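In: Structure of the sequence below:
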Amino acid sequence: MANISRRRFLRMSSGAAAAAGMGAGCSNMMARATAPKILASSRPGKATPGDTVVIGFIGVAGRGSALMREFMKYDDVRVAAICDVYKPHLEKALAATQGKAKGYSDFRRVLDRKDLDAVVIAPPPHWHALMTVLACQAGKDVYCEKPMCRTPIEGRAMVKAARLNHRVTQIGTQIHADENYHRVVEIVRSGMLGDISAVRTLLSLNEAPDGIGFPPDTDPPDDLDWDMWIGPNPEVPFNIGRFKDGQHRYFADIVGSWLHEMGPHIVDLPFWALQLGPPRAVSASGGKFATKDISTIPDTMEAAFEFDNLLVTWSNMCANSFGGPFHAGQGLQRRLGITFHGVNGTLKSTYHNHELIGEASRIEGVELPEKSLPRSPGHQREFLDCVKSRALPSCDVSYHYNVHVALNLGNASYALGRKLHWDEATGTIVGDREANEYIQPHYRKPWELPV
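Out: Model (predicted):
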């Protein structure tokens, strides 16, 4: 069993508590959907709607290049810097700017630039926390892809960096901006379902039995900086199955499980609708039971997040695509859903649709609530507007911290094989030294997370 030194524990606890204090206030503000909170800005001159937002992109493979296209749709955006450790990705992205942006292979050179207002961070997830913290410290606003972090300690460092440096941040859970999620939140908060004792979330798909196959380890391509791609993670040999087409999501050292990969989109909804903070206990179990390939994530996983008078569950299958109440038709497509169970009725939702099911006649004649939440102009547009106004976007790191504590602890519980009890005040797992050491960011030298 690993031990944490007293000095390290105290430093971790005090820094984390400060970050959590700031995060709780921000997330509560967003949950109540009050008027946007204006940040004390150390960056003058961006309060005029007509100003151009100058952006750098870090990581421009599949998701990063898609985000670049989305941001470049707006006339008030100028892409000035692009960074990627793989030369073909970099050159393709640079070509999309007609040579107007400058290319880099080291993200730190992007952060050194004084002309950038913001950066979009979209490399594999093991980089997200560190890059976000360093970007905030460099005075850049941050749009960061999900998952925002892999451990609560990383999440707390991100919130602390954003608040201390007066940064606008947005986590890339773009479905949060859509009309359907807003309407579900309004229905849940109206009280028409009565007391809600359980929320069940589901993700199913069928990639078994072949999965991503068994490609062999090889030397990396000459035009790829594999050491920088690995970054703060433990060193591993190059494997095309790990590198291509976003397949890093199938490796536990990068993403943990589908709970981190898709959980930020799906588990987001109950946290938002019910204004939840971090859970008090989390348990998870599962395994790789049917998929035969080089992946290291579970193909079957169940997790339970315990709150006062509420249980939220996660169910994930990668070897069967049956979607329960969300199943429609044949095929091996991905299916997902969220179900709120109240004493008066059930509300089930996918990304784009929802349906009310009454308990006998308990919601008959009950009128649906009027629209009350402010609508988003679009996830990327919302971020750009907040860069100018200095308001907090809907998916600021302080809001998503609460969601990610649950996801982070779910992966930790699965890896350690036991239930974990969380103490938010100290930012520690209660009575479990091994688990507390496990959730530390064990970065490969010379990388270190500022806390």
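
In: Am I right that Asp217 is in contact with Phe238?
Out: Yes. With contact defined as Cβ atoms under 8 Å, Asp217 counts as touching Phe238 (6.5 Å). Heads up, the C-betas are built off the backbone N, CA and C, glycines and all.

In: any weak-confidence spans in the stretch 301-450 of the chain?
Out: Within the stretch 301-450 of the chain, no range satisfies pLDDT under 70.

In: how about the helices in the stretch 51-200 of the chain?
Out: Applying DSSP state H, counting those that start in this stretch to the stretch 51-200 of the chain gives helices spanning 62-71, 87-96, 107-112, 128-137, 152-164, 179-190.

In: of those, which approaches Met262 most closely?
Out: Among the helices of the stretch 51-200 of the chain, the nearest to Met262 by Cβ to Cβ is helix 62-71 (13.2 Å).

In: buried residues in that closest one?
Out: If you call a residue buried by 16 or more other Cβ atoms under 10 Å, then helix 62-71 has these buried ones: 63-65, 67-68, 70-71.

In: Any chance of TSV for the residues you listed, columns pLDDT?
Out: Listed next are those as TSV, based on pLDDT from 0 to 100:
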residue	pLDDT
Arg63	95
Gly64	96
Ser65	96
Leu67	98
Met68	98
Glu70	97
Phe71	98
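
In: Closest one of those to His404?
Out: Nearest member of the buried residues of helix 62-71 to His404, counting by Cβ to Cβ, is Arg63, at 17.9 Å.

In: The closest one against Pro123, yeah?
Out: No. Counting by Cβ under 8 Å, Pro123 is not a contact partner of Arg63; they are 9.3 Å apart.

In: Retrieve the pLDDT associated with the closest residue to Ala61 other than its chain neighbours.
Out: In space, not counting the residues next to it along the chain, Ala61 is nearest to His89; the distance is 5.3 Å by Cβ to Cβ, 6 or more residues apart in numbering. pLDDT for His89: 98.

In: Tell me the spacing between His89 and Ala95.
Out: His89 is 11 Å from Ala95, where distance means Cβ to Cβ, to the nearest Å.

In: same deal with Ala135?
Out: Counting by Cβ to Cβ, the gap from Ala135 to Ala95 is 25 Å.

In: Comparing the two, which shows the higher neighbour count?
Out: Remark: of Ala135 and Ala95, Ala135 carries more neighbours, 29 against 10, as counted by other Cβ atoms under 10 Å.

In: Quick check, that one in contact with Leu116.
Out: No. Under the criterion of Cβ under 8 Å, Ala135 makes no contact with Leu116, lying 9.3 Å away.

In: Report the beta-bridge partner residues of Phe57.
Out: Per DSSP bridges, the residues bridged to Phe57 are Ile82, Val120.

In: ugh, wrong one, I meant Gly358
Out: Under the criterion used here (DSSP bridges), Gly358 is bridged to Gly345.

In: if I look at it, how far off is Gly194?
Out: With distances taken as Cβ to Cβ, Gly358 is found 11 Å from Gly194.

In: Number of residues surrounding Gly329?
Out: The number of residues near Gly329, taken as other Cβ under 10 Å, comes to 5.

In: Look up how far Phe322 lies from it.
Out: Computed with Cβ to Cβ, the distance linking Gly329 and Phe322 is 12 Å.

In: And the contacts of stretch 233-240?
Out: With Cβ atoms under 8 Å, 6 or more residues apart in numbering as the test, stretch 233-240 has contacts from 126, 215-220, 224, 226-227, 230, 242, 253-254, 294, 443-444.

In: The residues you listed in helices, which ones?
Out: Using DSSP state H, the subset of the contacts of stretch 233-240 located in helices is 226-227, 230, 242.

In: Those, buried ones only, as a ChimeraX selection?
Out: Written as a ChimeraX command, the selection of buried residues from those, which uses 16+ other Cβ under 10 Å, is:
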select :226,230,242
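
In: And the furthest pair within the ones in helices among the contacts of stretch 233-240?
Out: Between any two of those, the greatest separation by Cβ to Cβ is 14.2 Å, found for Asp227 and Arg242.

In: quick revisit: just give me the closest of the buried residues of helix 62-71 to Ala290.
Out: The closest of the buried residues of helix 62-71, once distances to Ala290 are taken by Cβ to Cβ, is Arg63, at 27.4 Å.

In: And the closest one, how far from Ile196?
Out: Note on Arg63: its distance to Ile196, by Cβ to Cβ, is 33 Å.
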